[in-house]
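coordinates only, no sequence provided:
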């Protein structure tokens, strides 16, 4: 088996990244295609096939491959289907594992995209020797993977670990995709940071801010970060508030599964200590004494898409 | 082994209940002592021994026993110690399993009291065939036991499953025992129901209520229940509010571990549909579509202390 390779695929809301991975977790070949260019999932799979074929030839052909692992939003490990993913173009229940197997002639395993990242972290990242940890991806949305006793928690139906959709401000900001109010994702995502910025700028028109040099449409979590680094008070408040919400949520998660570590991934983590400091402060402030100063709160050292490709490939 | 018995002990905040359990989960003998009458845990263990000795003789002596299982607040399954339990008289870290073994000459296993109840439910209650469920005990406080893949979740340090202390109203009502604000236990416990009653009665002095026939000190979750059953509007609002907070919290727990069922135990469940209806409504209202109308929300059919005695005994 040591000379065999696996394909790992990470279907994101915008981009699908894929790679061919060897036994040691080295990504030998990799590429990407848009996730939402195609009305039919069959055409998306054809695109994948066309891109992967030359890579497969370069590593020695199909006989070198033992299978395909795939992470996707709302991907279900039990059924191999993507079910009602709000960020993907294909609606309803998509039997993607079966369609992949038909096209590639290789066994295909599917799971939730955030779970794939957690698996990559467990196999190749900073939680390599841990049996209890949680990964939180702070990107366009908020994803999560929960590991207990060395296993990804999938629940009775395969959908466990949707921590981005837990409520932390009941009756709060509405989430456009889900209609739920006051969920973690509405605040502690790139989208949420942008919304917080707009709320503060329009709510306090008298307050000066470097962010007022941007058109509203151009404000992103990245511009907020740049302004915060230049000492802008409102921009710093935005990260303080984002960290508060995230920290309160993390305290809740700790009291659920008492993990050894929480690993943060994704675009927002570029903010570094601007985000980490308030997050840690508010997490600790909301923990029972038996949990205080125990949980390692860390940024992942893996590149996010590498983690997902590696994690997905490890499904096989 | 089929003719051997086990001792199950449930150390509660007020009362400690214990029993001798046979292979089929029948409680052959049982009794109780106060939990907090003794300054030293050694004296408490002496009290237990004196009460258990005649029972042990009746079932055929020590040679019929294979061990002792014990559930206690902040009981740690890894270390066998009770650590900083806010509701118990013995402070600090109490090596109770070791002390019990010394006194009784029997192997003793300790766990969290709520986990013991969950274990009893799994072995003898309505979740007998389930691998993923959560039990919530709505008593003086709010306890919880989480089962994933047929195993109680204890986390990396043995303290997982403190769902009563998760925050659901950030900045809300302060919890006198923990100092945390807006936690589930501050609202959805007998103590919380009483506090909600007092808040409503003093906050709206112009509103009529049967509860005004009681002295403030005499108002309990039980009196609120009785008034609600007589059609009292404020008393009904209290349960509606309690159910809302509980339901919102349960939605968060579902999105964590996607359980097949949530089992409610404890004194507050006597309120029946007064509590169940708003709880179910607000749980469903806060779930993502993939979780809606899937989770069985049920009252335990086991007597709460039986469940804990049975569950504790099953540790051995």
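Alright, I've got the coordinates. Quick caveat: nothing in here was measured; it's all calculated off a predicted structure.

ranges for the helices of the stretch 51-200 of chain A?
A:96-104, A:113-124, A:190-203 (DSSP state H, counting those that start in this stretch).

for the residue of the stretch 1-150 of chain A found nearest chain B, give me phi and psi.
Closest contact between the stretch 1-150 of chain A and chain B, by CB to the nearest CB, is at residue A:132 (3.9 Å). (Glycine included, C-beta is placed from N, CA and C.) Per-residue torsions, residue A:132: phi -140, psi 110 (degrees, to the nearest 10).

SS state for the closest residue to residue A:286 other than its chain neighbours?
Closest residue to residue A:286 in three dimensions, ignoring its sequence neighbours and counting by CB to CB, 6 or more residues apart in numbering or on different chains: residue A:251, at 3.5 Å. What DSSP: H, G, I helix; E, B strand; the rest coil gives for residue A:251 is helix.

what about residue A:251, neighbour count?
Residues near residue A:251, counting by other CB atoms under 10 Å in any protein chain shown, number 26.

can you name the residues that contact it?
When the contact criterion is CB atoms under 8 Å, 6 or more residues apart in numbering or on different chains, the partners of residue A:251 are A:282, A:283, A:284, A:285, A:286, A:287, A:291, B:166, B:167.

the second one belongs to a strand?
No: under three-state DSSP, residue A:283 sits outside any strand and is assigned helix.

pull up the gap between residue A:243 and chain B, please.
Between residue A:243 and chain B the distance is 14 Å, computed by CB to the nearest CB, to the nearest Å.

ok so, going back, reformat the contacts of residue A:251 as JSON lines; add neighbour count, pLDDT and distance to residue A:301.
Supplementary listing: the contacts of residue A:251 in JSON lines, determined by neighbours: other CB atoms under 10 Å in any protein chain shown; pLDDT from 0 to 100; distance: CB to CB, whole Å:
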{"residue": "A:282", "neighbour count": "21", "pLDDT": "98", "distance to residue A:301": "24"}
{"residue": "A:283", "neighbour count": "25", "pLDDT": "98", "distance to residue A:301": "20"}
{"residue": "A:284", "neighbour count": "18", "pLDDT": "98", "distance to residue A:301": "23"}
{"residue": "A:285", "neighbour count": "15", "pLDDT": "97", "distance to residue A:301": "27"}
{"residue": "A:286", "neighbour count": "27", "pLDDT": "97", "distance to residue A:301": "27"}
{"residue": "A:287", "neighbour count": "23", "pLDDT": "97", "distance to residue A:301": "25"}
{"residue": "A:291", "neighbour count": "22", "pLDDT": "96", "distance to residue A:301": "24"}
{"residue": "B:166", "neighbour count": "28", "pLDDT": "98", "distance to residue A:301": "29"}
{"residue": "B:167", "neighbour count": "22", "pLDDT": "97", "distance to residue A:301": "30"}
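
wait, residue A:99 touches residue A:40, no?
No: taking CB atoms under 8 Å as the contact criterion, residue A:99 and residue A:40 are not neighbours in contact, 10.2 Å apart.

helix or strand with the lowest mean pLDDT in chain A?
Across the helices and strands of chain A, mean pLDDT, DSSP states H and E gives its lowest value to helix A:304-313, namely a mean of 86.

what pLDDT does residue A:1 get?
At residue A:1 the predicted local confidence, pLDDT, stands at 59.

returning to that earlier point: tabulate the helices of the stretch 51-200 of chain A (TSV), appending mean pLDDT, distance to chain B and mean neighbour count.
Output for the helices of the stretch 51-200 of chain A, formatted as TSV (pLDDT from 0 to 100; distance: least, CB to the nearest CB, whole Å; neighbours: other CB atoms under 10 Å in any protein chain shown):
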stretch	mean pLDDT	distance to chain B	mean neighbour count
helix A:96-104	97	16	19
helix A:113-124	90	12	28
helix A:190-203	97	16	18
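
got those as a markdown table, with distance to residue A:29 columns?
Formatted as a markdown table, the entries for the helices of the stretch 51-200 of chain A read as follows, by distance: least, CB to CB, whole Å:
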| stretch | distance to residue A:29 |
| --- | --- |
| helix A:96-104 | 15 |
| helix A:113-124 | 17 |
| helix A:190-203 | 29 |
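
to residue B:150, which of those lies closest?
With respect to residue B:150, and counting by CB to CB, the nearest of the helices of the stretch 51-200 of chain A is helix A:113-124 at 19.7 Å.

orientation of the closest one relative to helix A:304-313 in degrees?
Interaxial angle of helix A:113-124 relative to helix A:304-313 (axes from the mean of the first three to the mean of the last three CA atoms, to 10 degrees): 90 degrees.

residue A:246 contacts residue A:188, correct?
Yes: contact status for residue A:246 versus residue A:188: in contact at 4.3 Å, counting by CB under 8 Å.

between these two, what contacts are shared?
Shared contacts of residue A:246 and residue A:188 (CB under 8 Å, 6+ apart): residue A:138.

please list all residues in contact with the residue nearest to residue A:304 when sequence neighbours are not counted.
Sequence neighbours aside, residue A:265 is the residue nearest to residue A:304 in space, at 4.9 Å (criterion: CB to CB, 6+ apart). Taking CB under 8 Å, 6+ apart as the contact definition, residue A:265 lies against A:117, A:135, A:136, A:137, A:138, A:139, A:299, A:300, A:302, A:304, A:307.

is the residue nearest to the spatial centre of chain A bridged to anything, and to what?
For chain A, the residue whose C-alpha lies nearest the mean C-alpha position (CA atoms, centre = their mean) is residue A:137; its distance is 3.7 Å. As for beta bridges, residue A:137 partners with residue A:143, residue A:265 under DSSP bridges.

just the pLDDT at it, thanks.
Residue A:137 is assigned a pLDDT of 92 by the prediction.

swap in residue A:17?
In this prediction, residue A:17 has a pLDDT value of 94.

and the two most separated of the contacts of residue A:251?
A:284 and B:166 (15.0 Å).

what sits against the residue in the stretch 201-316 of chain A positioned nearest to chain B?
Here the stretch 201-316 of chain A gets closest to chain B at one residue, residue A:258, 2.5 Å apart by CB to the nearest CB. Contacts for residue A:258 (CB under 8 Å, 6+ apart) come out as A:132, A:291, B:154, B:155, B:156, B:157, B:158, B:159, B:160, B:161.

repeat the analysis, applying 7 Å as the threshold.
Counting by CB atoms under 7 Å, 6 or more residues apart in numbering or on different chains, residue A:258 touches A:132, A:291, B:155, B:156, B:157, B:159, B:160.

ok, and the closest non-adjacent residue to the first one?
The spatially closest residue to residue A:132, leaving aside those adjacent along the chain, is residue B:156, at 3.9 Å (CB to CB, 6+ apart).

so the one you found versus residue A:152, what's the distance?
When CB to CB, to the nearest Å is the yardstick, residue B:156 and residue A:152 sit 16 Å from each other.

quick one: secondary structure of the residue of chain A positioned farthest from its centre?
Here chain A reaches farthest from its C-alpha mean at residue A:206, the gap being 36.7 Å by CA atoms, centre = their mean. The three-state label for residue A:206, taken from three-state DSSP, comes out as coil.

what residues are up against it?
Counted by CB under 7 Å, 6+ apart, residue A:206 has zero contacts.

go on, residue A:98?
When contacts are counted by CB under 7 Å, 6+ apart, residue A:98 touches residue A:80.
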